[in-house]
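Student: no sequence for this one, just the structure:
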DNA sequence: CTCGCGATATTCT
DNA sequence: GAATATCGCGAGA
């Protein structure tokens, strides 16, 4: 069943860990793509230098992070790739969880078609934030989408309780003391984790 | 396998 | 004008 508003209303670090092993559903018309979340990162607005909403910086782009939990935050990075985030916590608190990697469960053929890669390796399909967005057809049309009530993009509960590893986040060298925070979480020994 | 680099658009200075 | 929560390619080991 779909994750509830209460699930998303907690702080980003807790939600980031709890999201591991959950099922991300992307429905395009009648076509359904199901994938398992295997890697996440937490971003805490007010104090985290790596966060777009650092010091509660509220701009057109970061606006969605100030909403209540359960919305999607999709933004463009390096001019060409989208990244999918899940907004957490209560209204007015800019926190979000970046989905860094997923494992395809259903609809692998659709993902392959969207990605058009030469590599035959399954893990190259979705082992990175830009890759999984391309594979699942996630772009900024889905920015601010409500995962609690929507059915084109949502997250389903699972009974899995994977082994979780906490690690440093990736590619945020500019964040100084915050770059060493262990706010990246992934499932131990999973093939689809980036790096 | 590990580097190094260019592509590219939106945001903020 | 500069920076960026990335990726894929090609060269070399």
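Tutor: Sure, I can see it. Because the structure is a prediction, the values reported are computed rather than measured.
Student: secondary structure element for residue A:192?
Tutor: Assigned by DSSP states H and E, residue A:192 belongs to neither a helix nor a strand.
Student: the closest residue to residue A:166 other than its chain neighbours: which element?
Tutor: Excluding the flanking residues, the one nearest residue A:166 by CB to CB, 6 or more residues apart in numbering is residue A:182, at 4.3 Å. C-beta here means a position set from N, CA and C on the backbone, and glycine is covered the same way. Assigned by DSSP H and E, residue A:182 belongs to no helix or strand.
Student: OK, now which residue of chain A is nearest to DNA strand C?
Tutor: Using CB to the nearest atom of the strand, the closest approach of chain A to DNA strand C is made by residue A:128 at 2.2 Å.
Student: quick one: contacts for the residue nearest the centre of chain A?
Tutor: Note on chain A: the residue nearest the mean C-alpha position is residue A:99, at 2.1 Å, using CA atoms, centre = their mean. With contact set as CB atoms under 8 Å, 6 or more residues apart in numbering, residue A:99 has these partners: A:19, A:24, A:37, A:39, A:40, A:83, A:84, A:85, A:86, A:129, A:132.
Student: 7 Å instead, please
Tutor: Shown in contact with residue A:99 (CB atoms under 7 Å, 6 or more residues apart in numbering): A:37, A:40, A:84, A:85, A:86, A:129, A:132.
Student: may I see those residues organised as a markdown table, with neighbour count added?
Tutor: What follows is the contacts of residue A:99, written out as a markdown table (neighbours: other CB atoms under 10 Å):
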| residue | neighbour count |
| --- | --- |
| A:37 | 28 |
| A:40 | 28 |
| A:84 | 25 |
| A:85 | 24 |
| A:86 | 26 |
| A:129 | 25 |
| A:132 | 30 |
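Student: turn the residues you listed into a markdown table, columns for pLDDT and secondary structure.
Tutor: Below are the contacts of residue A:99 laid out as a markdown table (pLDDT from 0 to 100; DSSP: H, G, I helix; E, B strand; the rest coil):
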| residue | pLDDT | secondary structure |
| --- | --- | --- |
| A:37 | 98 | strand |
| A:40 | 97 | strand |
| A:84 | 98 | strand |
| A:85 | 98 | strand |
| A:86 | 98 | strand |
| A:129 | 97 | helix |
| A:132 | 97 | helix |
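Student: how far away is the residue of chain A most remote from its centre from DNA strand B?
Tutor: Relative to the centre of chain A, the most outlying C-alpha is that of residue A:118, 25.0 Å out, by CA atoms, centre = their mean. Per CB to the nearest atom of the strand, to the nearest Å, residue A:118 is found 14 Å from DNA strand B.
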